[in-house]
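In: what follows is a predicted structure for the sequence shown.
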Amino acid sequence: DGRDSFEGYSDEEITEILQQRYDIGKVDAILRNGEKLTIKADGITFCGTNHLPLHETYRQEKFKAFTESIFGEHLYRGLSWKTEEGKEVTDITYITIIGYNGAPGREDLEWFCDDICLWLEDCYAEYPYEEFGNLYHCIIPDLYGSEEEKYYFGDFPMRNFEEDESILYNELYHYLNDLLSKTGGQGDAGQIPADSGETDAAYDTAEDVAYEDADKSGSLITPEMVEEWASWPADAVYEPEEGGEYAMIPIDRALGSSFYILMFYEKKGKADTASLISSDPFRGSIGEVSFLTFLGDGQTGFSCLTHSGGSYGELFRTDNGGKSFASVSLPSPEIALPDGKNYNPFVMPEQVWEEDGAIYLLAGQGPDGDYHDPALEGWPVGIYVSHDGGKSFAFLEARER
């Protein structure tokens, strides 16, 4: 600007620059700490030094503050930021890290995509893409169990977002569905896989012993407790061909969900023949059991816990005869709603069976299901197939029930 040397901006110069550059009417405070500057204006805190001109990060700072206000008001998701610097000091990018409420599995997939669209709708009103396109760079879905992976907003869906947001929604839906398939979709950090080798110690009623139930509350399980539980009604049973009966018995209840134990009766319905297979088969997960089944090897089995008053179900698998189960994440089929957005109507696992060396799963739509396919003459169900013993499934088709 013609000066022989530069020793830093005066308060008046800083105020004038901000007013000219960003149409800021009022500068609230300019604080100096040696060579460092802290400038508070327009709801944003600027940081700089006397040795460099003001960095061009104002728009990103405003976008960041605007996003934080939206999430705080009505999106109810975890929000944090990753800062990346470029070659120039002004090349600073804030990447939005958005919490995926994915416990369990994929139940948050559609809500997450909807929330991203709601956030962008508000942002477009303040920061049109044509003018502020560099702000819409990418996001990082904060998924438990996955490496940090960025989802990049494409130019085509962003330019057409206001006319047809289903383009962006479906691209994000497909991206997350694939990502969840890679990570197993596990949302419960405390879940111990059934094949990890870590199991409950089974209790044999023939032995006069008791053990510490560390999985639940540290309370002592006595033979008298097991004998009493064996007389309680079960929510789900399975009868092996060789005789006997497995039973999921609720022994505690809170907020409409039950805590289960797994018993085996050598003689069906005879409490004096019962033994405790597991004091906590679902490793702390609670819900309502809708079915229990085992496959031909006698060790691999499946059960379904329903949640949210029975609106959807979570599939669990065991490979140690029921001593412990692990959640199995099911891929979400891309069924189109009338507005063009994808969703998954098959939210309730109902039946698992073996056929020709593969394992199949039938999943229904639950009590709130509204997917109707005229070609199938009714309300279809989803069929999934597994070729790895039920550890993972692929969506096969929708068919008539």
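Out: Now that the structure is in, tell me what you want to look at.

In: okay, CA-based contacts and neighbour counts for the rest of this
Out: Fine.

In: I'd say Glu27 and Gly43 touch.
Out: Actually, residue 27 is Val rather than Glu. No: using CA atoms under 8 Å, Val27 makes no contact with Gly43, being 9.5 Å away.

In: of these two, who's got more company?
Out: Shown here are Val27 and Gly43; by other CA atoms under 10 Å, Val27 has more neighbours (18 against 11).

In: and the gap between the more buried one and Pro281?
Out: 61 Å (CA to CA, to the nearest Å).

In: state the paired neighbours of the helix or strand hosting Leu315 in the sheet, together with their directions.
Out: According to DSSP states H and E, Leu315 maps onto strand 312-318. Sheet pairing for strand 312-318, assigned by DSSP bridges, gives strand 301-307 (antiparallel), strand 326-328 (antiparallel).

In: run the chain-centre distance for it.
Out: 15 Å (CA atoms, centre = their mean, to the nearest Å).

In: for that strand, which outside residues touch it?
Out: 104-105, 194-195, 282, 299-307, 324-329, 347-349, 366, 390-391 (CA atoms under 8 Å, 6 or more residues apart in numbering).

In: from these, list just the buried residues.
Out: 104-105, 194, 282, 300-307, 324-329, 347-349, 366, 390-391 (16 or more other CA atoms under 10 Å).

In: so what's Tyr173 closest to, chain neighbours aside?
Out: Cys113 (6.4 Å; CA to CA, 6 or more residues apart in numbering).

In: what secondary structure does the one you found sit in?
Out: Assigned with DSSP: H, G, I helix; E, B strand; the rest coil, Cys113 falls in the helix class.

In: same question for the one 10 residues further on.
Out: Secondary structure, three-state DSSP: Cys123 is helix.

In: just the pLDDT for it.
Out: pLDDT recorded at Cys123 is 95.

In: now it: how far from Ile92?
Out: Applying CA to CA, the value for Cys123 to Ile92 is 20 Å.

In: ditto for Gly256
Out: 49 Å.

In: and those two? Which one has more around it.
Out: Neighbour tally, Gly256 and Ile92, criterion other CA under 10 Å: the higher count belongs to Ile92, 16 against 12.

In: bridging residues for that one?
Out: Bridge pairing for Ile92 - DSSP bridges - gives Glu85.

In: tell me the contacts of it?
Out: Thr57, Thr83, Glu84, Glu85, Gly86.

In: of the residues you listed, closest to Glu131?
Out: The shortest gap between Glu131 and any of those belongs to Thr57, at 15.2 Å (CA to CA).

In: residues near that closest one, how many?
Out: 16.

In: the one 10 residues further on now?
Out: Neighbourhood size, Thr67 [other CA under 10 Å]: 18.

In: swap in Ala336?
Out: Neighbours of Ala336 using other CA under 10 Å come to 15.

In: do the same with Glu354
Out: Glu354 has 15 nearby residues by other CA under 10 Å.

In: burial measure for the nearest residue to it once chain neighbours are set aside, as a count.
Out: Closest residue to Glu354 apart from its sequence neighbours, by CA to CA, 6+ apart: Tyr360 at 6.2 Å. Neighbours of Tyr360 under the rule other CA under 10 Å: 22.

In: and Tyr360, what are its bridge partners?
Out: Going by DSSP bridges, Tyr360 forms beta bridges with Trp353, Val385.

In: what about the strands in the stretch 51-200 of the chain?
Out: 79-85, 92-99, 138-142, 151-152 (DSSP state E, counting those that start in this stretch).

In: between those, which gets nearest to Ala234?
Out: By CA to CA (comparing all of those), the closest turns out to be strand 92-99, at 37.3 Å.
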